[in-house]
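Chemist: Sequence first, predicted coordinates after that:
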Amino acid sequence: MLGFGEKVVMIVAVLVMLGVRGSGAEGRKPVLHRVGGGQNTWTPSVNFTNWSSHEQFYVGDWLYFGFDKTQYNVLEVNETSYDKCIDTDFITNVTKGGRDVFNLIDAKPYYFICGRGYCFNGMKVAVNVTVAPPLPPPPKKGGSPSSVGGVSQRMILLSLLAATFLLCS
Ligand SMILES: *[C@@H]1O[C@H](CO)[C@@H](O)[C@H](O)[C@H]1NC(C)=O
Ligand SMILES: *[C@@H]1O[C@H](CO)[C@@H](O)[C@H](O)[C@H]1NC(C)=O
Ligand SMILES: *[C@@H]1O[C@H](CO)[C@@H](O)[C@H](O)[C@H]1NC(C)=O
Ligand SMILES: *[C@@H]1O[C@H](CO)[C@@H](O)[C@H](O)[C@H]1NC(C)=O
Ligand SMILES: *[C@@H]1O[C@H](CO)[C@@H](O)[C@H](O)[C@H]1NC(C)=O
């Protein structure tokens, strides 16, 4: 049998888990991805394929390019130009001051290169943007069955029952 203290610990653990679940319902905030992983890492020495393979890009997120604008630039290009490092007829010139951002608004792969020959040294990055996994539906006003912060009332009821059971057993 569990002691009273252990039961309380278990109940608190259940409530904390519910709280964590519930907080997910407030909506996902867009994430700013620092390309290359640092403040100033749009540079030839970085392996951007490796970097992007360790990131998850969702619709609405932002890319941040930090670089020396006297040397480098950032151009959004199509897949062909990305593969072949063609820096003419780009889609978007992302370059402004060297601390530049780009909003990933669609669920599709995006391609960026540095012009002036640096693309051939590996200064290019592809990011595959996907739709964020669905969040629990927001609470409906006056509707039933409703949910509180993404946690169904049934879940809360069940855990209260479990808590009562644990305390009384
Ligand atoms: C690849 O990326 C991971 C995580 O970002 C990093 O720890 C690792 O050093 C990188 N490896 C190379 C070869 O760049
Ligand atoms: C970059 O990282 C990728 C994935 O980790 C790896 O497959 C590739 O060989 C690396 N490229 C270079 C030039 O190191
Ligand atoms: C990609 O861009 C290049 C350069 O602007 C252009 O020649 C080519 O037709 C484009 N390819 C596709 C598939 O849009
Ligand atoms: C991109 O825009 C920057 C800032 O306006 C400008 O200095 C640069 O010449 C442009 N690059 C290209 C390739 O058009
Ligand atoms: C992008 O991600 C989606 C979903 O994971 C996948 O189906 C698709 O093949 C990926 N595209 C590229 C170009 O990697």
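Modeler: Nice, I can see it. Ligands and ions are numbered 1, 2, ... in the order given.
Chemist: Leaving out the residues flanking it, which one is nearest to residue 92?
Modeler: Leaving aside its sequence neighbours, residue 92 sits nearest to residue 76 (Cβ to Cβ, 6 or more residues apart in numbering; 3.9 Å). Glycine gets a C-beta too; all of them are placed from N, C-alpha and C.
Chemist: The one you found: helix or strand, and which one exactly?
Modeler: strand 75-77 (DSSP states H and E).
Chemist: Show residues contacting the longest strand along the chain.
Modeler: In the chain, assigned by DSSP state E, the strand with the most residues is strand 124-130. Contact partners of strand 124-130, identified using Cβ atoms under 8 Å, 6 or more residues apart in numbering, comprise 33, 35, 48-49, 51-52, 55-59, 61, 63, 79, 82, 85, 104, 106-114.
Chemist: before we move on, back to that, quick check: bridge partners of the residue nearest to residue 92?
Modeler: residue 92, residue 112 (DSSP bridges).
Chemist: So it versus residue 134, what's the distance?
Modeler: According to Cβ to Cβ, to the nearest Å, residue 76 stands 28 Å off from residue 134.
Chemist: The two: which is more packed in?
Modeler: residue 76 (17 against 6; other Cβ atoms under 10 Å).
Chemist: hang on, that one packs against residue 112?
Modeler: Yes - shown here, residue 76 and residue 112 form a contact pair, counting by Cβ atoms under 8 Å, at 5.6 Å.
Chemist: Can you tell me the closest non-neighbouring residue to residue 131?
Modeler: Using Cβ to Cβ, 6+ apart and skipping the chain neighbours, the partner closest in space to residue 131 is residue 107 (4.9 Å).
Chemist: Relative to ligand 3, how far out is that neighbour?
Modeler: Look at residue 107 and ligand 3: by Cβ to the nearest ligand atom, to the nearest Å, they are 18 Å apart.
Chemist: Give me the neighbour count for that residue.
Modeler: 13.
Chemist: One more: residue 28?
Modeler: Count around residue 28 with other Cβ under 10 Å applied: 13.
Chemist: residue contacts, it?
Modeler: Counted by Cβ under 8 Å, 6+ apart, residue 28 has contacts 58, 60, 132, 135.
Chemist: Would you state the predicted confidence (pLDDT) at it?
Modeler: Predicted confidence (pLDDT) for residue 28: 83.
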